[in-house]
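Visitor: Just the structure for this:
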Amino acid sequence: MAKFAFDVAAAFAPQVAEGTYNANLDAIVATLDGDPDATDDGLLLGDSGSGVGESGLSLSIGRRSRDKAVIGASFTRSLSDFLAAEVRTFSFSWPWGGGLKTTTITTPVDADFLPLTGVHALLNGVGLQAAVWGSGVGYSIVPDNTVFPFSALVYYFGNRLELLDCRCSSLAIKYTPGTIAIATAEIVVGSIKDPSSKVITPVALPTLDYGAQATQSMPTIESIGNAWNATRGFSDLTLTFAPTIDDIPDSNAVDGIVKEPSAMEIGVEATLFADDAGSGETFELSQALSDAIGDLLPLTFTVGSAATGAQELALGHSVTIADPELDETAMEKLGSKAANTIKLIARSATANGEIEINLI
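Guide: Next up is the predicted model:
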């Protein structure tokens, strides 16, 4: 017996419908591509500060079963009835930012800002959709409760898992000044596709082509112009998308259960410096007492610069939360300065208007 190397890879791609595994991922044999300027099968390079072995990936597999009756005058039970293989925990973290494409040799066009296939799939899975911006050159990410689930392809230690009907139970983007933004998706899986043939047979890790994901860096969180009532910095900020996903019995679904989203909350937790501009000393308290959505002021910032020239990397993005409702505020101190720790809930009087993230 010989020990063998630690190797993992994860790819994500949108599905055309519930119950239909992504055909491109299903066909992967020799090469798995994540190059934004090439094929891009949905391969994502994880965050080195997260997951097992600095891979960004954490995963556990279990056995969904039903106990048999006890045997005779004992507490002994035989092997349980096997119902299905199930993914019990699944999370993936990766650097967050633009789509890493190189703009065209003339003037940048919207397609230059398309998010990576894997990122687009994870956005779909949490209830977000990326589409042409319309108000400028780039792509806009906004809430959308009609998007399809996604497929995942995971390799580890000779195992190949095709994970079907996945959704994100949460997607958090952490912004820490002086480093890059990191996104973390907590994923729920509808079923493991064809476990009898796909899981048991050892499969070699394909050639991995990450392209610009492996050679370029996302913008540092610096000089981002964060503004909420006044232009003022934060010491930490986490943006969280948290849908409610229910297990619904479905006799026609694989394993008899379908993951169905029924609600979504978008939140922000941050610690910001206080600022006295515009009666800023009492701003947080006045926002907490607001009784009209028109009294809420937007929170905005831009990470990196817009790619406006030829042959530039599309790395930047902006965030706009038009109507953040202040759910909780607590006094804080940063150095010698006054600060506030806040919890916001993104609201809107317009359907799907809670937040807009623009890839620029």
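Visitor: What is the longest helix of the protein by residue count?
Guide: The longest helix of the chain (DSSP state H) is helix 117-126.
Visitor: Next secondary structure after it?
Guide: Note on helix 117-126: by DSSP states H and E, the next helix or strand toward the C-terminus is strand 128-132.
Visitor: Do you know the pLDDT at the residue in the chain sticking out farthest from the centre?
Guide: Ranked by distance from the centre of the chain (CA atoms, centre = their mean), the top residue is residue 73, with 51.6 Å. Note for residue 73: predicted pLDDT of 93.
Visitor: what ranges do the helices span in the stretch 151-300 of the chain?
Guide: Shown for the stretch 151-300 of the chain, the helices assigned by DSSP state H, counting those that start in this stretch span residues 195-198, 212-215, 283-288.
Visitor: what's in contact with the last one?
Guide: With CB atoms under 8 Å, 6 or more residues apart in numbering as the contact definition, helix 283-288 has outside contacts at 229-230, 279, 295-297, 325-329, 340, 342. Where you see a C-beta, it was placed from the backbone N, CA and C, and this is true even at glycine.
Visitor: try 7 Å
Guide: Residues from elsewhere that reach helix 283-288 (CB atoms under 7 Å, 6 or more residues apart in numbering): 229, 296, 326, 329, 340, 342.
Visitor: Filter these down to the buried ones, ChimeraX style.
Guide: Entered in ChimeraX, the line below selects the buried ones among those, by 16 or more other CB atoms under 10 Å:
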select :229,296,326,329,340,342
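Visitor: low-confidence ranges in the chain?
Guide: Along the chain, the parts satisfying pLDDT under 70 run over 1, 195-200.
Visitor: re the thing from before, from the contacts of helix 283-288, which single one is nearest residue 97?
Guide: Residue 97 has its nearest neighbour among the contacts of helix 283-288 in residue 342, at 24.1 Å by CB to CB.
Visitor: Let's verify the closest one: helix, strand, or coil?
Guide: Using DSSP: H, G, I helix; E, B strand; the rest coil, the structure places residue 342 in strand.
Visitor: switch to numbering from 240
Guide: Got it, the first residue is 240 from now on, which makes the last one we talked about residue 581.
Visitor: what's the spacing between the closest residue to it other than its chain neighbours and residue 347?
Guide: Nearest non-adjacent residue to residue 581, counting by CB to CB, 6 or more residues apart in numbering: residue 568, 5.1 Å away. The spacing between residue 568 and residue 347, counted by CB to CB, to the nearest Å, is 40 Å.
Visitor: So which bits of stretch 578-598 are buried?
Guide: Going by neighbour count (16+ other CB under 10 Å), the buried part of stretch 578-598 is 578-581, 583-585, 587, 591, 593-598.
Visitor: which two in these are spaced the farthest apart?
Guide: Greatest spatial distance in those: 578 and 591, 32.2 Å, computed using CB to CB.
Visitor: Let me know the secondary structure of residue 350.
Guide: Under the three-state scheme (three-state DSSP), residue 350 adopts helix.
Visitor: how about the nearest residue to it, chain neighbours excluded?
Guide: Of all residues beyond its chain neighbours, the one nearest residue 350 is residue 340 (8.0 Å), with distances taken as CB to CB, 6+ apart.
Visitor: Provide the backbone phi and psi angles at that neighbour.
Guide: The phi/psi pair for residue 340 (degrees, to the nearest 10) reads phi -80, psi 160.
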